[in-house]
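In: Provided below for reference: sequence and predicted model.
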Amino acid sequence: MPGDVGDRLGMALLVAARNAIAQHFGLPTRPLGVLPELGEPGATFVTLTRSGQLRGCIGSLEAHRPLLVDVGENALAAAFRDHRFAPLTADEFATTRVEVSLLTAAEAFPVVDEVDAIARLQPAVDGLVLAYRQRRATFLPQVWESLPDPRQFLAQLKLKAGLPADFWHPDIRLARYGVRKWKET
């Protein structure tokens, strides 16, 4: 319901992410309410969009620093260090929308084989981490919106990790997680 801790936390995370980028450009920032949760360890992803198109997305898979620090650093990384895009410009900033995803702790998702993984994935629910040797990639649950088929979801995740789409090896490790997300309107 409006005004609950989740809403306040989400609004604070969105303000913190936007403030980090604004401060980089020397622009005014908005006041940030005091919430104890912001000082607790947390893992976030910050996604930037312009005109509905992805403009940057960077995040943390493990909670290793205070939530306020994590969201600020990930906002800056999404704006200026996502290798898929040129750094965000001050002119683009006003029309860029921020989304923050707060991740739950990833849990090992042991599978017998790829068929088992595909059968047990929960579309629109599971965020997934795929690791094989030194390669690792993740898709947030939001990616299900553009890749609703589990087979396609897993194939694209393997490509993101630098592996062939049809690759499978018994040493592949999967972990899944959930998110709470908030997006600017």
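Out: Okay, I see it.
In: the longest helix seen in the chain packs against which elements?
Out: Of all the segments assigned as helix in the chain under DSSP state H, the longest by residue count is helix 5-24. The contact analysis (3 or more C-beta pairs under 8 Å, 6 or more residues apart in numbering; DSSP states H and E) places helix 5-24 against helix 67-80, strand 96-103, strand 179-183. Just so you know, the C-beta spots here come from the backbone N, C-alpha and C atoms, and that holds for glycine as well.
In: what segments of the protein are strands?
Out: 44-50, 53-59, 96-103, 107-108, 127-132, 135-139, 173-177, 179-183 (DSSP state E).
In: chain center to the fifth one: distance?
Out: To tie it back to what came earlier, the one meant is strand 127-132. 13 Å (C-alpha atoms, centre = their mean, to the nearest Å).
In: stretch 39-58 now?
Out: 6 Å.
In: buried ones in that stretch?
Out: The neighbour-count check on stretch 39-58 (16 or more other C-beta atoms under 10 Å) flags 42, 43, 44, 45, 46, 47, 48, 49, 55, 56, 57, 58 as buried.
In: ok, of those residues, which one's closest to residue 17?
Out: residue 46 (5.1 Å; C-beta to C-beta).
In: how near is the residue nearest in space to the middle of the chain to residue 13?
Out: Centroid-nearest residue in the chain, with C-alpha atoms, centre = their mean: residue 45, separated by 3.1 Å. The gap separating residue 45 from residue 13 is 11 Å, by C-beta to C-beta, to the nearest Å.
In: the strands of the chain into a markdown table, with extra columns for mean pLDDT and distance to residue 149?
Out: What follows is the strands of the chain, written out as a markdown table (pLDDT from 0 to 100; distance: least, C-beta to C-beta, whole Å):
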| stretch | mean pLDDT | distance to residue 149 |
| --- | --- | --- |
| strand 44-50 | 97 | 22 |
| strand 53-59 | 96 | 20 |
| strand 96-103 | 98 | 22 |
| strand 107-108 | 97 | 23 |
| strand 127-132 | 98 | 14 |
| strand 135-139 | 96 | 13 |
| strand 173-177 | 98 | 17 |
| strand 179-183 | 96 | 20 |
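In: enumerate every residue touching the residue lying closest to residue 182 once chain neighbours are set aside.
Out: Setting aside the residues directly before and after it, residue 182 is nearest to residue 10 in space (C-beta to C-beta, 6 or more residues apart in numbering), at 3.3 Å. The contact partners of residue 10, by C-beta atoms under 8 Å, 6 or more residues apart in numbering, come to 100, 180, 181, 182.
In: partners of residue 49 in the sheet?
Out: Listed beta-bridge partners, residue 49: residue 54, residue 97 (assigned using DSSP bridges).
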